[in-house]
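**Q** I would like to see how this sequence folds:
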Amino acid sequence: MSALESLHASSDFDFPLPPELITQQPLADRAASRLLHLERASGKFTDGSFRDFLSWLRDDDLLVFNDSRVIPARLFGRRSGVHALELSENNPAAKDFLQGRIECLLTRRVGEK
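**A** So this is what the prediction gives:
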């Protein structure tokens with residue numbers, strides 16, 4: 001099992017989340033975005049906003065900015081088997097293989113449109 005499959009299969013990330021709590025678009029006032037702050041030493045959680053961010057930083061903290069672009073990367077489909085080579089008539093899984101569901105994960109853009 002790959003690291004990605006392991007992460008996807010992990011029950012740590014599988015929990016019910018009511019649809020009304022899932023943000024569909026950014027807030028008009030981006031600084032009002034909520035943040036959850038954890039103080040490592042005490043284990044204390046603080047529910048705050050992005051405006052509080054600078055007050056949580058220490059002199060020796062390192063900030064890493066991720067400005068990468070996200071592309072639609074997951075495609076689901078069903079394999080029809082029309083152009084696929086048959087595996088073997090002695091293999092009972094051949095029919096299922098040629099008619100199975102597929103999922104593609106795109107990791108990088110190869111070329112421009």
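**Q** what lies in contact with the helix or strand harbouring residue 55?
**A** Residue 55 belongs to helix 53-56 when assigned by DSSP states H and E. The contact list for helix 53-56 (CB atoms under 8 Å, 6 or more residues apart in numbering) reads 35, 37, 48. (C-beta placed from N, C-alpha, C; glycine too.)
**Q** who's in contact with the second one?
**A** Which is residue 37. Contacts for residue 37 were tallied using CB under 8 Å, 6+ apart; they are 45, 46, 48, 52, 56.
**Q** got the contacts of helix 53-56 as CSV, with secondary structure, distance to residue 102 and pLDDT columns?
**A** What follows is those, written out as CSV (DSSP: H, G, I helix; E, B strand; the rest coil; distance: CB to CB, whole Å; pLDDT from 0 to 100):
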residue, secondary structure, distance to residue 102, pLDDT
35, strand, 38, 90
37, strand, 41, 91
48, strand, 43, 92
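**Q** between those residues, which sits nearest residue 27?
**A** residue 35 (12.5 Å; CB to CB).
**Q** what is the burial count for the closest one?
**A** Using other CB atoms under 10 Å, residue 35 has 13 other residues around it.
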